[in-house]
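Participant: give me coordinates for this.
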Amino acid sequence: MEMKQRRPVYYSEYLQLDKILNAQQPESEKENIHADDEMMFIIIHQTYELWFKQIIHELNITRRIFKQPRIPNNSPDIFNSVHRIKRICCILEIAVQQMTVMETMTPLDFLDFRDLLRPASGFQSIQFKIIEAALGLQYQKRYGQNYYLSQLNEKDIARVKSAEEEESLLVLINRWLERMPFLKDEQIWPEQSFWKQYREVYASGLLEQEKGNLETFDKLFMNDADYPADRQFAIEANRSALFIMLYRDYPMLHLPFELISSLLDIDEKLSMWRHRHIHMVQRTIGKRVGTGGSTGSQYLQAAADSHIIFKELSELTSFLVPRHSLPVLPEQLAHSLGYK
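Facilitator: The predicted structure follows:
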């Protein structure tokens, strides 16, 4: 059968450059006001939205992987998910760097067209809200809940709420960590013997002013009944995550450790982006309110302080001990974690 010949692909048509390069319509030009920096302002924000679209694409691929009831050890899935999450981190790093271009606009440059933008605001970025929800930021943990949807139209409110109803990456990672078998085999670890050994080692290394950590350790790792109800990661997931951090040098734990580290990198990069944004806003508009009616830099600071998605994973570093102090793994388990 003769194959149908494909039409040649042309660069500008493939990228739909006619649409993209004609999508900048400064409000100042419509009003016959001279404002040279509005073009840059539009392009910067359009670029952000394109990167946000790519982040959502990567998150959707990763969530599909972790929605599987079982991820075989010999499949490429975990590597693929780590690869995707690291790409998200690279994109967020670019987002931070783009602030350098934005900061070439002085306060007076911005005032040339700022009032023409009201009530539009970056706070109305639907894609960014979807990213936060897809990662695992819950509505009840958001700062300024009343303001969160108030600036959106009905269609975009529905989009955000739909995104919040889907299982987030945090929920899926929690489920995956809960399934990990390393600490569940009672023939290898009778009566939680690993955690009893580890608690002893951990306690012996605490300074006097750190002794309070032991009470927290017991709640998070030793006593199921005392595990805080408000934590997003279940106690089994919590244990698995710390175990991965401790024994990351074993081949089977290399990629799980990279995954956890990359999730923490996402929080770090988002924090850097938010704080860079805060400084830029303070420098550009001082203590004036945002174009969307928020308190400006005050709102951004409060959101940056509270919107830390994988905080529970980052807190696990409080419970690490030096490698030379780690309990020696039983031979059977060490073998299963190594190269066969």
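Participant: what's the longest helix seen in the chain packed up against?
Facilitator: The single longest helix within the chain, with elements called by DSSP state H, is helix 251-285. Helices and strands touching helix 251-285, by 3 or more C-beta pairs under 8 Å, 6 or more residues apart in numbering; DSSP states H and E, are helix 77-102, helix 107-111, helix 169-179, helix 235-246, helix 297-306, helix 311-314, helix 331-337. Glycine gets a C-beta too; all of them are placed from N, C-alpha and C.
Participant: elements contacting the third one?
Facilitator: Same thing as helix 169-179. helix 38-66, helix 126-135, helix 235-246, helix 251-285.
Participant: again, only using 6 Å
Facilitator: Helices and strands touching helix 169-179, by 3 or more C-beta pairs under 6 Å, 6 or more residues apart in numbering; DSSP states H and E, are helix 38-66, helix 235-246.
Participant: so what's the gap between the first one and the chain middle?
Facilitator: What separates the centre of helix 38-66 from the centre of its chain is 13 Å, taken as C-alpha atoms, centre = their mean, to the nearest Å.
Participant: ok and it relative to helix 169-179, angle-wise?
Facilitator: With axes from the mean of the first three to the mean of the last three C-alpha atoms, to 10 degrees applied, the angle from helix 38-66 to helix 169-179 works out at 20 degrees.
Participant: buried residues, helix 38-66. List them.
Facilitator: Buried residues in helix 38-66, counted by 16 or more other C-beta atoms under 10 Å: 38, 41-42, 48, 51-52, 55-56, 58-59, 62-63, 65-66.
Participant: quick one, what contacts Ile260?
Facilitator: Leu313 (C-beta atoms under 6 Å, 6 or more residues apart in numbering).
Participant: what's in contact with stretch 178-187?
Facilitator: Residues contacting stretch 178-187 (C-beta under 6 Å, 6+ apart): 194, 234, 236-237, 239-240, 243.
Participant: now do it: distance to the chain's middle.
Facilitator: From the chain centre to the centre of stretch 178-187 is a distance of 28 Å (C-alpha atoms, centre = their mean).
Participant: ok, stretch 73-83 next?
Facilitator: 19 Å.
Participant: alpha carbons only: can I get it in PDB?
Facilitator: Output of stretch 73-83 as PDB, limited to C-alpha atoms (Å, rounded to 0.1, in the frame of the first residue of the first chain):
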ATOM      1  CA  ASN A  73      10.700  -2.000  39.800                       C
ATOM      2  CA  ASN A  74      12.100  -2.900  36.300                       C
ATOM      3  CA  SER A  75       9.900  -0.400  34.400                       C
ATOM      4  CA  PRO A  76      11.200   3.000  33.300                       C
ATOM      5  CA  ASP A  77       8.400   4.800  35.200                       C
ATOM      6  CA  ILE A  78      10.200   6.100  38.200                       C
ATOM      7  CA  PHE A  79      13.100   7.400  36.100                       C
ATOM      8  CA  ASN A  80      10.600   9.100  33.800                       C
ATOM      9  CA  SER A  81       8.800  10.800  36.700                       C
ATOM     10  CA  VAL A  82      12.100  12.000  38.200                       C
ATOM     11  CA  HIS A  83      13.100  13.300  34.800                       C
END
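Participant: tell me how far the closest residue to Ile278 other than its chain neighbours lies from Met245.
Facilitator: Nearest non-adjacent residue to Ile278, counting by C-beta to C-beta, 6 or more residues apart in numbering: Leu300, 4.7 Å away. Separation of Leu300 from Met245 (C-beta to C-beta, to the nearest Å) stands at 31 Å.
Participant: phi and psi next, for the nearest residue to Gln124 once chain neighbours are set aside.
Facilitator: Distances taken as C-beta to C-beta, 6+ apart place Gln151 nearest to Gln124, at 5.4 Å, with adjacent residues excluded. Torsion angles at Gln151 (phi, psi; degrees, to the nearest 10) stand at phi -90, psi 0.
Participant: against Ala303, how distant is Gln151?
Facilitator: Gln151 is 14 Å from Ala303, by C-beta to C-beta.
Participant: what of Cys89?
Facilitator: Cys89 is 20 Å from Ala303, by C-beta to C-beta.
Participant: all set now, cheers.
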